[in-house]
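In: Need a 3D model of the sequence below.
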Amino acid sequence: MRTEQLAVCRLPAGSAWPMPPGDGSFLSVTEGDGELSIVCPFDLVPAGARVETGWRALTIVGPLEFSMVGVIGRLATALAVAGLSVFVISTFDTDHILVKADTLDQAVATLRDDGVAVRLEA
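Out: Numbering: from 1, shown residues only. The predicted structure is shown next:
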């Protein structure tokens, strides 16, 4: 299991997308209104990016069906009640909850106490 810390990065819209690392490392790239957001291992942070470091990813065991309602709301609420900030990424099959590395153990315990099956992704 990988244990790397992740960085959440921001580049201006229209910036070149990073190449996937090819080693299975966590990578998410989203282009939206005025920005290119990248979540990647710290050693792959693009030059010139605005960066927030020290994140870890928890993956909700899936796949999760599109018809499932309230999954992120339930998870975010449980973590908010515990006083934890999150950054959420959803993919076709599942959801990833990023928490700051220093709150990882508390986040895992909170979600498992709430009956959620999670695994450390990165």
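In: need the longest strand for this protein.
Out: Ordering each strand of the chain by length in residues (DSSP state E) puts strand 50-60 first.
In: which helices and strands sit right next to that one?
Out: Applying 3 or more C-beta pairs under 8 Å, 6 or more residues apart in numbering; DSSP states H and E, we find strand 50-60 packed against strand 6-12, strand 95-100, helix 104-113, strand 118-120. Backbone N, C-alpha and C define where each C-beta goes, glycine included.
In: what residues does stretch 95-106 touch?
Out: Stretch 95-106 is contacted from outside by 5-6, 8, 26, 28, 39, 54-60, 62, 64, 71-72, 75-76, 79, 82, 84-90, 107, 111, 118, 120-121, using C-beta atoms under 8 Å, 6 or more residues apart in numbering.
In: how far off strand 50-60 does the following helix or strand past the longest strand of the chain point, in degrees?
Out: Next helix or strand after strand 50-60 toward the C-terminus (DSSP states H and E): helix 71-81. Relative orientation of helix 71-81 versus strand 50-60 (axes from the mean of the first three to the mean of the last three C-alpha atoms, to 10 degrees): 110 degrees.
In: Counting neighbours, show which residues of helix 71-81 come out buried.
Out: 71-72, 75, 78-79 (16 or more other C-beta atoms under 10 Å).
In: now these in JSON lines, with distance to residue 33 and pLDDT?
Out: Formatted as JSON lines, the buried residues of helix 71-81 follow (distance: C-beta to C-beta, whole Å; pLDDT from 0 to 100):
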{"residue": "71", "distance to residue 33": "25", "pLDDT": "75"}
{"residue": "72", "distance to residue 33": "21", "pLDDT": "81"}
{"residue": "75", "distance to residue 33": "25", "pLDDT": "86"}
{"residue": "78", "distance to residue 33": "29", "pLDDT": "91"}
{"residue": "79", "distance to residue 33": "26", "pLDDT": "94"}
